[in-house]
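In: Need coordinates for the below:
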Amino acid sequence: MEKKNIVTYVDYGTIKFDIKTLMKKKKITKSQLVKRTGLHHQIIERYMSGNITRYDKDILAKLCYVLEGDLEDILRYEEPKK
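Out: This is a model prediction of the structure:
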């Protein structure tokens, strides 16, 4: 008897980070962001590159606070490709 795969892939779109644009607008370097947030530079680098699999609400809150922006300033939803 052949087993059927019950898991199907659905493209729901993706979340993209755009911290660099807000950093440029606010004239804040990565080193300054590390100092002001108290986060490790590798964590900042992951968020800047979008290489995050699980989002930490406290980190997002720190980034918004230090960069004086809202979530929609650093995150955006991209619809699935058709």
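In: now the strands: where do they sit in the protein?
Out: Using DSSP state E, the strands of the chain run over residues 14-17, 75-78.
In: May I see the buried residues of stretch 73-82?
Out: Of the residues in stretch 73-82, Asp73, Ile74, Leu75 count as buried by neighbour count, 16 or more other CB atoms under 10 Å. (Glycine included, C-beta is placed from N, CA and C.)
In: Now the second one: closest residue in space that isn't a chain neighbour?
Out: This means Ile74. Ile19 (5.0 Å; CB to CB, 6 or more residues apart in numbering).
In: ok, the one you found touching Leu67?
Out: Yes - applying CB atoms under 8 Å, one finds Ile19 in contact with Leu67, separated by 7.4 Å.
In: right, and the strands of the chain - which one's nearest Val34?
Out: Val34 lies closest to strand 14-17 among these, at 16.3 Å (CB to CB).
In: now could you export just the CA positions of that closest one as PDB?
Out: What follows is strand 14-17 as a C-alpha-only set of coordinates in PDB (Å, rounded to 0.1, in the frame of the first residue of the first chain):
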ATOM      1  CA  THR A  14       7.400  36.000   3.200                       C
ATOM      2  CA  ILE A  15       8.400  38.700   5.700                       C
ATOM      3  CA  LYS A  16      11.300  40.900   4.600                       C
ATOM      4  CA  PHE A  17      13.500  43.000   6.900                       C
END
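In: Appreciated, that's everything.
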